[in-house]
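**Q** Predicted model, plus sequence, below.
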Amino acid sequence: MNFTWLLFVVIAGVAVTGLAKRLGFQVPLVLVTIGAAASFIPGIPRLEMPPELILGAVLPPLLYSAALDFSFSTFRRNIAPILRLGIGMVVVTTVAVGFFANWLVPEFTLGAAFVLGAVVAPPDAVAAVSVGRRLGLPARMMAILKGESLVNDAAALTLFTLSVAAVTGKKIAIDSPILFFAYEIVGGILVGLLLSGLVRAVRTRIADSPMETVLGLVLPFAAYLAAEEIHASGVLAVVTAGFVLGRTVGDESVDTRIHERAVWPTVDLLLETFVFAYIGLQLKFVIDDVRAEGLPVHHVFGYGLAILALVIVVRPAWIFVNRGRRKVTRSIIPVAVPDARLDWRQNLVISWAGMRGVVTLAAASGVPLATLAGDPFPGRGVIQAVAFTVAVGTLLIQGSTLPTLIRLLDVADPDEELLAAQQTALARQVSRSAADAALLEVLHDPPPGVSAAELAELAERARRTTEARIAAEQQEDLGEHDAKLRDASALFNGLRNRVLKAQRSALIAARDAGELDDEVLRRVLEGLDMEEAAAEARVQRQRW
């Protein structure tokens, strides 16, 4: 693989992403479309990454970042629908595609057809979550989509391993598929717990923000590779590590939290941009592979379209069959306090958010060339072509229509908005009480050398600052900023930015005149940048 071209793809992808966001287009669709068109440009080399590199270098940070930003209590609260989609849906898709592909494709054996089923089974929630966040999907729907994406890769890759072993004759660590699956789950979770606990212990002792951030960056790769080394689930190891470190977010210093808030969105943007551009760039070379195997291109992509239709249909069928079954069960065995469930419109949106992504392509490219007996793997070229068709087809069909579906169905949940408001009010009350308790404690036990009058004045100033911040947040939430206040706020922001700009210009001029050292300049500018970042965060909250 030519790494110069790889870097060029990343740079071009970032440029296309910026343009697509500015124009209000869906970034994944634009990247895939432009990548597919670019693959036919004469002289473009084939950018083919080994599946181990995709799964070991691209997937872990994406999963880890999602788990860091995902509440474990929310995951536990929605565990039933998450497991129905993340495991049940994967198994159902694998079986349905397996039997259908075995009937449809002459080049397949039943085992090879099940390999294809495992390849196309796991949806990638990146595109769906980005659309949902922009259009304001209810938090519970977002939680289900995110939670599904955290577990479905593990289920699909386990089924893929079992199916490939059945076709090639390769021995797996444990003969029983059920025991093997249980071992992968338990082993992956234990590895994630062990490594995240180790990283947490080290981070609490070094008190160095850059080093703490580096440990966080290394952790997902270490967890994935360590789990895979013992034939456990690397995906679950990464997800577990992300949950543990996400729960201990209050243990790190402020500087570390600021660093990580900047690092992980950057990593996500870089990897997601590359992934979708990479998917599109495979089109021409998938066609070349089909031709090289002597297969009719239109037949193979015809198979792909038929299987694409099945994959799209299976998901809503599974979701609505389960919904109907639960309604019948509740009518027979009524529950005293039914939990909050998605209505049919919300279920329809969830069922349409089944876009495939990088795991499908990585698994397809990981299909071995031959069995242990030396025979060619049956239908390997067809598997890769169909996997590409399903990945791109779901992105183009479901990804392009999902925003319209969300707008038409109006899936907003008013009860959820009320609950969010209650939670915010509770958080502010807890914050206010803690501030009052801390100030009272200082007043009762003053530090040496400080008079009671001085301490009381400082405490009152701190109390007023806290109350002003909380009151400002409440006004922002309740929309109590009248036109005069908004004008004053805009004037203040303009003055502040003008002052900061003047300070920067003066400092840089002093450096250019030889009066200031570069290191001193950078240190002072960092403080100005932090002040501006905090102010901009307040402005963004007001806008939302």
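**A** Looks like it came in fine.
**Q** Next one: the closest residue to Pro138 other than its chain neighbours from Leu342, what distance?
**A** The shortest distance from Pro138 to any non-neighbouring residue, by Cβ to Cβ, 6 or more residues apart in numbering, is to Asp413 (4.1 Å). Just so you know, the C-beta spots here come from the backbone N, C-alpha and C atoms, and that holds for glycine as well. Using Cβ to Cβ, to the nearest Å, Asp413 is found at 9 Å from Leu342.
**Q** Mutual contacts of the two, please.
**A** Common contacts of Asp413 and Leu342 (Cβ atoms under 8 Å, 6 or more residues apart in numbering): Arg140.
**Q** who does the strand or helix carrying Val9 touch, helix- and strand-wise?
**A** Under DSSP states H and E, the secondary-structure element containing Val9 is helix 3-23. Contacts defined by 3 or more Cβ pairs under 8 Å, 6 or more residues apart in numbering; DSSP states H and E place helix 3-23 against helix 27-38, helix 254-281.
**Q** Can you give me the buried ones in it?
**A** Val9, Val10, Ala12, Gly13, Val16, Thr17, Ala20 (16 or more other Cβ atoms under 10 Å).
**Q** by how many degrees do it and helix 254-281 diverge?
**A** 100 degrees (axes from the mean of the first three to the mean of the last three Cα atoms, to 10 degrees).
**Q** and Pro376, backbone torsions?
**A** Pro376 has phi and psi values of phi -60, psi 140 when expressed as degrees, to the nearest 10.
**Q** all numbers from here: first residue = 33
**A** Sure thing, new numbering starts at 33, so read that last one as Pro408.
**Q** Against Asp445, how distant is it?
**A** Taken as Cβ to Cβ, the span from Pro408 to Asp445 is 52 Å.
**Q** The two - which one has more neighbours?
**A** Neighbours per residue (other Cβ atoms under 10 Å) separate Pro408 from Asp445, with Asp445 holding more: 18 against 12.
**Q** Would you mind measuring from that one to Ala160?
**A** Counting by Cβ to Cβ, the gap from Asp445 to Ala160 is 17 Å.
**Q** returning to what we had before: want to throw the helices and strands packed on helix 35-55 into CSV with mean neighbour count?
**A** What follows is the helices and strands packed on helix 35-55, written out as CSV (neighbours: other Cβ atoms under 10 Å):
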stretch, mean neighbour count
helix 59-70, 21
helix 286-313, 18
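**Q** Grab the most central residue of this protein for me.
**A** Centroid-nearest residue in the chain, with Cα atoms, centre = their mean: Ala98, separated by 3.9 Å.
**Q** any idea how far that residue lies from Gly278?
**A** On the measure of Cβ to Cβ, Ala98 and Gly278 end up 10 Å apart.
**Q** One more: Val231?
**A** Distance from Val231 to Gly278, by Cβ to Cβ: 12 Å.
**Q** quick one: which of those two has more around it?
**A** Taking neighbours as other Cβ under 10 Å, Val231 and Gly278 compare with Val231 leading, 21 against 18.
**Q** Output the below-cut-off pLDDT ranges for the stretch 283-432 of the chain.
**A** The model of the stretch 283-432 of the chain has pLDDT under 70 over residues 283-286, 358-372.
**Q** how about the helices in it?
**A** For the stretch 283-432 of the chain, the helices defined by DSSP state H, counting those that start in this stretch occupy 286-313, 315-324, 329-364, 376-384, 390-397, 412-441.
**Q** Identify the residues contacting the second one?
**A** Residues external to helix 315-324 that are found in contact with it (Cβ under 8 Å, 6+ apart): 67-68, 71-72, 76, 78, 80, 329, 332-333, 413-414, 416-417, 420, 424.
**Q** so how far is it from its chain's centroid?
**A** Chain-centre distance of helix 315-324: 31 Å, with Cα atoms, centre = their mean, to the nearest Å.
**Q** Could you do the last one as well?
**A** Distance of helix 412-441 from its chain centroid, counting by Cα atoms, centre = their mean, is 18 Å.
**Q** again, but for the fourth one
**A** Taking Cα atoms, centre = their mean, one finds the center of helix 376-384 at 20 Å from the center of the full chain.
**Q** Just the CA trace of stretch 290-301, in PDB.
**A** Provided in PDB are the C-alpha atoms of stretch 290-301 (Å, rounded to 0.1, in the frame of the first residue of the first chain):
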ATOM      1  CA  ILE A 290      -9.700  19.700  28.300                       C
ATOM      2  CA  HIS A 291      -7.000  17.800  26.300                       C
ATOM      3  CA  GLU A 292      -9.200  14.700  25.800                       C
ATOM      4  CA  ARG A 293     -12.200  16.800  24.800                       C
ATOM      5  CA  ALA A 294     -10.100  18.200  22.000                       C
ATOM      6  CA  VAL A 295      -8.300  15.000  21.100                       C
ATOM      7  CA  TRP A 296     -11.100  12.500  20.600                       C
ATOM      8  CA  PRO A 297     -13.300  14.500  18.300                       C
ATOM      9  CA  THR A 298     -10.200  15.100  16.100                       C
ATOM     10  CA  VAL A 299      -9.400  11.400  16.000                       C
ATOM     11  CA  ASP A 300     -13.000  10.600  15.200                       C
ATOM     12  CA  LEU A 301     -13.100  13.100  12.400                       C
END
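**Q** contacting residues around Pro93?
**A** Contacts of Pro93 (Cβ under 8 Å, 6+ apart): Leu249, Pro252, Phe253, Val299, Asp300, Leu303.
**Q** Against Pro242, how distant is the fifth one?
**A** In this case it means Asp300. Applying Cβ to Cβ to Asp300 and Pro242 gives a distance of 20 Å.
**Q** next one: the last one
**A** If you measure Leu303 against Pro242 using Cβ to Cβ, the figure is 21 Å.
**Q** where does Asp442 fall, phi/psi-wise?
**A** phi 50, psi 70.
**Q** again with Leu189
**A** The phi/psi pair for Leu189 (degrees, to the nearest 10) is phi -70, psi -30.
**Q** residue contacts, it?
**A** Per Cβ under 8 Å, 6+ apart, neighbours of Leu189: Leu87, Ala150, Pro154, Ser265, Val267, Val391, Ala395.
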